[in-house]
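Student: Dropping a prediction and its sequence here:
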Amino acid sequence: MKVILGCFLILLCGILECTVTCHRVPQSDKLPVTLYYEALCPYCMEFVTDQLNPSMVRQDRLAFTELTLVPYGNAKVNSMGKVVCQHGMEECELNAWHACILEHHNITNSLKLIACMMRSRKNKLDECSSHYGINVTAVKDCKKSRSVDDILQKYGEDSSKVAYRGVPAITIDNVYDDDEQENISENFDDVFCAKYEAKFNKKLRNCK
């Protein structure tokens, strides 16, 4: 009886292991994309809402993308060590909200919230989080407990590593090409598809 029971347990473990292995979703090849932007830049708002978000969400590119968002743009640090944003303090505040979202949520939920918020020039965090059913308590704690300068410091350091002349500034596969920015910002999904296929020798669904 013990022998039969032992054999049964070994067989059961083998079946379970096979089930886990066979149903494991393979990791997709991901193309790095980084967006350097600022919350109140009209061109950034247009790019996120009309180009990036539709590509990542509607065309389902996010699963094939290592997406990084850097909410700093053309901000500078003044002689007093304070961050000064191109579109004023309101933009610094919104950039900080975006930064806190990115710190406390994965890129899928972060993109949902940020794209939703960038359809308006006001802080629509509550409205957007309610729409998507995303808990933003940690985001609010982040913004409340830290200064804007502290929150944005990391993003300022990241932005200083790329010599862009304006925003939105987009790197694909960790490469910034100033000559390609207009085409990327106006035809993002087509460019993404072409660069993904060139790098991985794979054509994604719905790519031309």
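Tutor: Happy to help now that I have it.
Student: ok, so what distance separates the closest residue to Met56 other than its chain neighbours from Cys41?
Tutor: If the residues on either side of it in the chain are set aside, Met56 comes closest to Leu62, at 4.2 Å by Cβ to Cβ, 6 or more residues apart in numbering. Glycine gets a C-beta too; all of them are placed from N, C-alpha and C. Distance, Leu62 to Cys41, using Cβ to Cβ, to the nearest Å: 22 Å.
Student: So which of those two has more stuff around it?
Tutor: Cys41 (21 against 18; other Cβ atoms under 10 Å).
Student: Next, the contact list for the residue nearest to that one when sequence neighbours are not counted, please.
Tutor: Once flanking residues are discounted, Cys41 sits nearest to Val167: 5.5 Å by Cβ to Cβ, 6+ apart. Applying Cβ atoms under 8 Å, 6 or more residues apart in numbering to Val167 gives the contacts Tyr36, Tyr37, Glu38, Cys41, Tyr43, Cys44, Gly73, Asn74.
Student: Please state the backbone phi and psi of the nearest residue to the first one once chain neighbours are set aside?
Tutor: Read that as Tyr36. In this structure, Tyr36 finds its nearest non-sequential neighbour in Ala169, 4.2 Å apart by Cβ to Cβ, 6+ apart. Dihedral angles of Ala169 (phi, psi; degrees, to the nearest 10) stand at phi -120, psi 130.
Student: Leu69 too?
Tutor: Note on Leu69: its backbone torsions stand at phi -110, psi 130 [degrees, to the nearest 10].
Student: That one touches Leu35, doesn't it?
Tutor: Yes: if you go by Cβ atoms under 8 Å, Leu69 and Leu35 touch, sitting 5.4 Å apart.
Student: More neighbours: these two, which one.
Tutor: A side-by-side neighbour count of Leu69 and Leu35, using other Cβ under 10 Å, places Leu35 first with 23 against 20.
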